[in-house]
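Chemist: Here's my sequence, what's the structure:
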Amino acid sequence: MLKASQILVRTLVLAASAAALAGCGQRGPLHLPSGPAAAQRATLPQTLTPNVGTSAPAEPPANAASAPR
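Modeler: Alright, predicted model coming up:
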């Protein structure tokens, strides 16, 4: 059976952990970058499924064709 002091300590640790997790993260409004560097970045669907929607098959690496078998 748990003692009252163990319950109190666990409750305080849990509360402190929840406060620390709630306090971390980015502040301010979220925005999508629209500069020239952002134009070449992959979108979320492209990141999750990188091979879907590509029209050309992937090319083998340049050194793979000349490698001895």
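
Chemist: residues making contact with the helix ranked longest in the chain?
Modeler: Counting residues, the longest helix found in the chain (DSSP state H) is helix 4-23. Around helix 4-23, nothing counts as a contact under CB atoms under 8 Å, 6 or more residues apart in numbering. Where you see a C-beta, it was placed from the backbone N, CA and C, and this is true even at glycine.

Chemist: Return the distance of that helix from the chain's centre.
Modeler: Relative to its chain's centre, helix 4-23 lies at 27 Å (CA atoms, centre = their mean, to the nearest Å).

Chemist: I'd like the average pLDDT over it.
Modeler: Averaged across helix 4-23, the pLDDT comes to 90.

Chemist: Moving C-terminal from that helix, which element do we reach first?
Modeler: Going down the chain from helix 4-23, the next helix or strand is helix 44-48, by DSSP states H and E.
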